Every structure is written in C-alpha cells, then in structure tokens.
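[1] Task: produce atomic coordinates for the following.
(one chain, ligands or ions: 2)
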Amino acid sequence: MTTPPTLAPATDNAAAGDGTVLQADGVTMRFGGLTAVRGVDLTVNTGEIVGLIGPNGAGKTTFFNCLTGLYVPTEGTVSYRGTRLSRKPHLVTQAGIARTFQNIRLFANMTVLENVLVGRHTRTKEGLWSALLRGPGFKKAERGSEERAMELLEFTGLAHKRDHLARNLPYGEQRKLEIARALASEPGLLLLDEPTAGMNPQETRATQDLVLAIRAQGTAVLVIEHDMRFIFNLCDRVAVLVQGQKLVEGTADVVQADERVIAAYLGTPVDDTPTAADPDTPATGAAAAESAESGDTP
Ligand SMILES: Nc1ncnc2c1ncn2[C@@H]1O[C@H](COP(=O)(O)OP(=O)(O)OP(=O)(O)O)[C@@H](O)[C@H]1O
Ligand SMILES: [Mg+2]
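    Ligands and ions are numbered 1, 2, ... in the order given. Got it, this is the predicted structure:
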C-alpha cells in the first residue's frame, strides 16, 4: 500500500487559472504517403486527466510528438493556455508542457538526483549545456535546485535512490524517474507515454496514485496507456485514436460502451471506422505495429 504523495506547486505555471490548458486543432502528421495522425482535435482543461488510447500504430506517440515540437505537424495548430506553441521542444517545455517517453530517455550514467536537476534546466537561467557540462554556473544553480529536486524524488518515492546511477534502477523506477524529471520543469501539463509499461500490478497502482497527486498539485495530465484498467480508473475523459483519427471521445462509460472501440482493438472493420477507404493508411496493423516505436525517434 502506498501513501498518497503530496507536493506543493512550485510556480504559477502549475495550478494557474481555469480553463483550457491544451488545445490541438486539426493536427495532421504525414510521413511520405503515410498519414499517421489525421485532423485530430483535442482539448485538455485545468485539473483534468485525459486518456489517449488506441491500438498499436494508431498514432498516439506521433500525436504527442506533434504537441511537443519534436515533429512539426503537416497541418493543424497546438496552443497552450491560449498561446500558439513554438515548434522547438525546449520552448514547448519552457511554455509549460513536459513529457515522458515511451522508450525511456534518461541520462543513464548520471545519478537519479542529477537526472532531475537536468530536468530543471528550463527553470534556471543556466540552460541545458551548462547542466550537462556541469560548469560553475550550473553548480551554483544546482544548489538552489537541489531542494526542489529532492522534494520531487520524495514525491515519486525515489529519494532513497538519489545517488544511484539511473541505469541501475529497475525498469519501474526508471519510469518514475522520468516523471520526476518531467515535473522538475514545473509543467502545467504533463504528457505521459505509456507510464506503466513493464510495471508490475503494485507499481501500476502506485503510478495511478502518483498521477492523481500530480493533478492535485495543479498539473493537468494527458496519458497514453494500453492498460485499460489504469485508464478507466484514472481519466475524466478518454479519446480513442484509430489509424490516426479520433474515433470516439468521452467518459470511461461512453468509451467502454462504444462497440467501434472494441472492433478497432480486435482489428474488425466497422462501417464507421474512419479508415476503410483511405489509400494513405496501411491495409493491416502489422506494418504499423512493427514500426510503432519509431514515433519516439525524432
Ligand atoms: N518518424 C516516422 N517516420 C515514418 N513513420 C512514422 C514515424 N513515426 C511514426 N511513424 C508511423 O506512424 C504510425 C503511428 O505510429 P505511433 O508510434 O504514433 O503509434 P502509437 O499509437 O504510439 O503505437 P504504440 O501503441 O505501438 O506505441 C505508425 O505507422 C508508425 O510506423
Ligand atoms: Mg506509442
């Protein structure tokens, strides 16, 4: 049993105001002849946990990459708190959106604490290179940041591992460390790409509590997950992507009752499935599944 963690918001970025945090309008991403994401609209409001689900290769990670500036969408716009986002990932982070990756991207040979300190570079004037090269400016900023980094490690249950190298952590803890590092930029919106992949049931439940605690301290969450229990337990709203298009969006009840969602997961064609006559889309899920991980690679 885990104690629900608590954490005070560090800046106005989290917990600021009401209304829309993220607004994506008509986001389309084409790779040559393949349309991985097609005309997706999605809104996340303050205080919400929104789920993004769909079969392998549906375009979920690609959509995240479009939101965070890793990909420049072929069409469409993305705004954060009413301001159109830059196409540069570090400026997106600075604006207030942080993310974790489907394929964990930690600095393997840095300690747990150092990884979180690197995550704070957008909130210190020293910047990323100084953080990575550990120059004198960084060392000074580091002392100021360390207290907050330790709070985040307490929050994610990793404080006792502060001096361990990231690469020596078990998989579940590496995922938690990615979350701690993302939170270090003090985001108003956190994007999680399969946060419980590879976790055991206890770790998954702890991650559920962690996401609720993140929301409670004022950060909205958009989460991709294949674990449906996790999604339906946690999310205020769930959007279903199928072959790049949003098929359904609604509460857990609405999504679970929609037979097109089940059909999409089973790979059964349904009249309303948006792709039946789409020449841009692969005929089977196999090609998509094969290269699905590539969405993480800029
Ligand atoms: N950089 C890229 N170049 C070409 N095709 C890409 C690229 N990134 C993703 N794709 C393709 O876009 C489609 C969507 O992939 P994506 O990784 O977004 O799916 P996903 O929904 O995240 O799947 P999974 O649940 O398996 O992670 C796939 O067909 C994938 O091969
Ligand atoms: Mg993915």
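[2] Check the burial of Gln217 by counting its neighbours.
    Gln217 sits with 16 neighbouring residues when counted by other C-beta atoms under 10 Å. (Glycine included, C-beta is placed from N, CA and C.)
[3] quick one: it and ligand 2, what's the gap?
    When distance is defined by C-beta to the ion, to the nearest Å, Gln217 is 27 Å away from ligand 2.
[4] shouldn't that residue be in contact with Thr6?
    Yes: taking C-beta atoms under 8 Å as the definition, Gln217 is a contact partner of Thr6 at 7.3 Å.
[5] my read: Leu247 touches Val254, true?
    No: Leu247 lies out of contact with Val254 (C-beta under 8 Å); the separation is 11.8 Å.
[6] Tell me which of the two has more neighbours.
    The neighbour comparison of Leu247 against Val254 (other C-beta under 10 Å) goes to Leu247, with 23 against 13.
[7] Grab the nearest non-local neighbour of the residue in the stretch 101-250 of the chain that ligand 1 sits nearest to.
    Closest residue of the stretch 101-250 of the chain to ligand 1, C-beta to the nearest ligand atom: Gln102 (5.6 Å). Once flanking residues are discounted, Gln102 sits nearest to Asp193: 4.3 Å by C-beta to C-beta, 6 or more residues apart in numbering.
[8] Tell me the spacing between the residue of the stretch 1-150 of the chain at minimum distance from ligand 2 and Gly54.
    As assessed by C-beta to the ion, ligand 2 sits closest to Thr61 within the stretch 1-150 of the chain, at 3.1 Å. Separation of Thr61 from Gly54 (C-beta to C-beta, to the nearest Å): 10 Å.
[9] So those two - more neighbours on which side?
    Thr61 (26 against 23).
[10] Got the confidence number for that one?
    Note for Thr61: predicted pLDDT of 97.
[11] swap in Gln94?
    On pLDDT, Gln94 comes in at 89.
[12] Confirm that it sits in a strand.
    No: Gln94: not assigned to a strand; according to DSSP: H, G, I helix; E, B strand; the rest coil it is helix.
[13] burial of it, as a residue count?
    Gln94 sits with 15 neighbouring residues when counted by other C-beta under 10 Å.
[14] before we move on, what about the one 10 residues further on?
    Other residues lying near Ile104 total 19 when counted by other C-beta under 10 Å.
[15] Could you give the number of residues near the closest residue to it other than its chain neighbours?
    Spatially, and ignoring its direct neighbours in sequence, Ile104 is nearest to Gln174 (5.1 Å; C-beta to C-beta, 6+ apart). Neighbour count of Gln174, defined by other C-beta under 10 Å: 20.
[16] Start the count at 46 instead of 1 going forward.
    Will do, 46 is the new start, and the previous item becomes Gln219.
[17] residues contacting Gln219?
    Listed by C-beta atoms under 8 Å, 6 or more residues apart in numbering, the contact set of Gln219 reads 149, 151, 211.
[18] try 10 Å this time
    With contacts defined as C-beta atoms under 10 Å, 6 or more residues apart in numbering, Gln219 is in contact with 149-151, 153, 157, 160, 203, 211-213, 243.
[19] try His271
    98-101, 105, 239, 241-242, 310.
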